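> 3D model of this:
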Amino acid sequence: MPEVIFLSAVSAYFIILILCSIGLKRRYSRIGREGLPTATIIIAARNEEKNILRCLASLDKLSYPKGKMEIIVVDDFSEDKTGEITDEFIIDKPLFKKIIPEKESQLKGKINALVTAIKKAKGEIILLTDADCEVTATWAETLASYYSKDVGMVNGFTIINNGNIFSAIQGIDLVFLQSIASGGINLKYPISCIGNNMSFRKEAYNEAGGYEGLPFSVTEDFALLQGISRLRKYKIIYPLEKESIIVSQACANAGDLISQKKRWGKGGTAVPSGGLVIMVIAFISNLLILLIPLFFSPVWLYLAVFKIIADYLFLYPVQTELGNKHQLKYFLLFQVYFIIYTTLLPLILIFSRKINWKGRIY
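A predicted model of the protein is given here:
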């Protein structure tokens, strides 16, 4: 009986990878540079004095038609020098402006910062990234080029440049999760997206009720994705495109990584039923691999090896397209990490639901 369960789980898991691979290969029409919509880039920054300058410097190099772009930095009540560093950098740069969120707002944390900026945004489309990220020069122009009239949201891939094994493993994991999300969205089944590389039409955002009208979530990007999806009016796409990648910083230590995974996991509990099925299948597949020492048989071992090879074959073309396949030399270490955390995370969330993020408790 356990072998039948394992075979069923791995088979379903393999089918999911095949479907997501099909979604990842989807290609979309693009607008020429002269037809790009006006754009507002928003960065909500809280206590980011170590990262903000690198982010701002990369934004300053963006390629976009003159007069069609603005950049808003929201200093989200930072308690360090984030605001001072921002002021000094943008003083002679008219594309940039810094604002402060509304103190009296009933909205929580980062959502309040984003809402304040979106209300002031002049662009037809909004592009979001984080203060610990660096954008490529073609990032905004590439995402904006997908905004034909019926497109409401366009997402991009984020990578982590590995300075060590710990960050490389996180980088592989991040690309894997985004590949599942991209495949699902491109097959018209929005499962998730990543908030540090997303964009949306302001009109679609307003029609969805904005962050004020959406249920609160510690993963506000996911909440907005679902809100625009429920309109059933706009296309949501997630192209596998190197020109729109963003480079993010890895979590510095295990504590930060656990907090990140708890936040993503808690936000992910609101996924549509199909997304929950995917999570359950992944959980069962990885749990049964951990149980191999208890139920060892050649069949179990073959299934485990098949699942691991399938993961590699799924990741390889994505990492190659993103110019990041050098990280795959750590693939087996990633598998150990992936199998363990996807099994333990549901248990952690049952017994520890509080999330500490940027000095705030949710």
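> show me where pLDDT drops low in the stretch 251-362 of the chain?
By pLDDT under 70, the low-scoring segments of the stretch 251-362 of the chain are 262-275, 295-296, 348-362.
> which parts of it are strands?
Assigned by DSSP state E, counting those that start in this stretch, the stretch 251-362 of the chain shows strands spanning 356-357, 360-361.
> please apply the same query to the stretch 51-200 of the chain.
Read by DSSP E, counting those that start in this stretch, the stretch 51-200 of the chain holds these strands, from start to end of the chain: 69-75, 96-99, 125-130, 133-135, 151-155, 158-160, 198-201.
> the ones you listed: which one's closest to residue 57?
When the strands of the stretch 51-200 of the chain are compared by Cβ to Cβ, strand 133-135 sits nearest residue 57, at 8.0 Å. C-beta: built from backbone N, CA, C; applies to glycine.
> paired strands for the closest one, with orientation please.
According to DSSP bridges, the neighbouring strands of strand 133-135, each with its direction, are strand 246-248 (antiparallel).
> still on that earlier bit, same list (the strands of the stretch 51-200 of the chain) but as JSON lines, adding mean pLDDT.
As requested, the strands of the stretch 51-200 of the chain are exported to JSON lines (pLDDT from 0 to 100):
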{"stretch": "strand 69-75", "mean pLDDT": "95"}
{"stretch": "strand 96-99", "mean pLDDT": "95"}
{"stretch": "strand 125-130", "mean pLDDT": "96"}
{"stretch": "strand 133-135", "mean pLDDT": "95"}
{"stretch": "strand 151-155", "mean pLDDT": "97"}
{"stretch": "strand 158-160", "mean pLDDT": "95"}
{"stretch": "strand 198-201", "mean pLDDT": "96"}
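> these: which one's closest to residue 316?
Closest approach to residue 316 among the strands of the stretch 51-200 of the chain (Cβ to Cβ): strand 158-160, 14.9 Å.
> which strands and helices sit next to the closest one?
For strand 158-160, the helices and strands in contact under the criterion 3 or more Cβ pairs under 8 Å, 6 or more residues apart in numbering; DSSP states H and E are helix 165-186, strand 246-248.
> could I get the average pLDDT for the longest one?
Across helix 165-186, pLDDT averages out at 94.
> could I get the CA-only coordinates of that helix as PDB?
Extracted C-alpha coordinates of helix 165-186, given in PDB (Å, rounded to 0.1, in the frame of the first residue of the first chain):
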ATOM      1  CA  ILE A 165      26.600  27.500  -1.000                       C
ATOM      2  CA  PHE A 166      23.900  28.800   1.400                       C
ATOM      3  CA  SER A 167      22.800  31.500  -1.000                       C
ATOM      4  CA  ALA A 168      23.100  29.300  -4.100                       C
ATOM      5  CA  ILE A 169      20.700  26.800  -2.600                       C
ATOM      6  CA  GLN A 170      18.200  29.600  -1.900                       C
ATOM      7  CA  GLY A 171      18.700  30.700  -5.500                       C
ATOM      8  CA  ILE A 172      17.800  27.300  -6.900                       C
ATOM      9  CA  ASP A 173      14.800  27.100  -4.600                       C
ATOM     10  CA  LEU A 174      13.600  30.600  -5.600                       C
ATOM     11  CA  VAL A 175      13.800  29.800  -9.400                       C
ATOM     12  CA  PHE A 176      12.000  26.400  -8.800                       C
ATOM     13  CA  LEU A 177       9.100  28.100  -7.000                       C
ATOM     14  CA  GLN A 178       8.800  30.800  -9.600                       C
ATOM     15  CA  SER A 179       8.900  28.200 -12.400                       C
ATOM     16  CA  ILE A 180       5.900  26.500 -10.900                       C
ATOM     17  CA  ALA A 181       4.200  29.900 -10.500                       C
ATOM     18  CA  SER A 182       5.000  31.000 -14.100                       C
ATOM     19  CA  GLY A 183       3.900  27.700 -15.600                       C
ATOM     20  CA  GLY A 184       0.600  27.900 -13.700                       C
ATOM     21  CA  ILE A 185      -0.100  31.500 -14.600                       C
ATOM     22  CA  ASN A 186       0.700  31.000 -18.300                       C
END
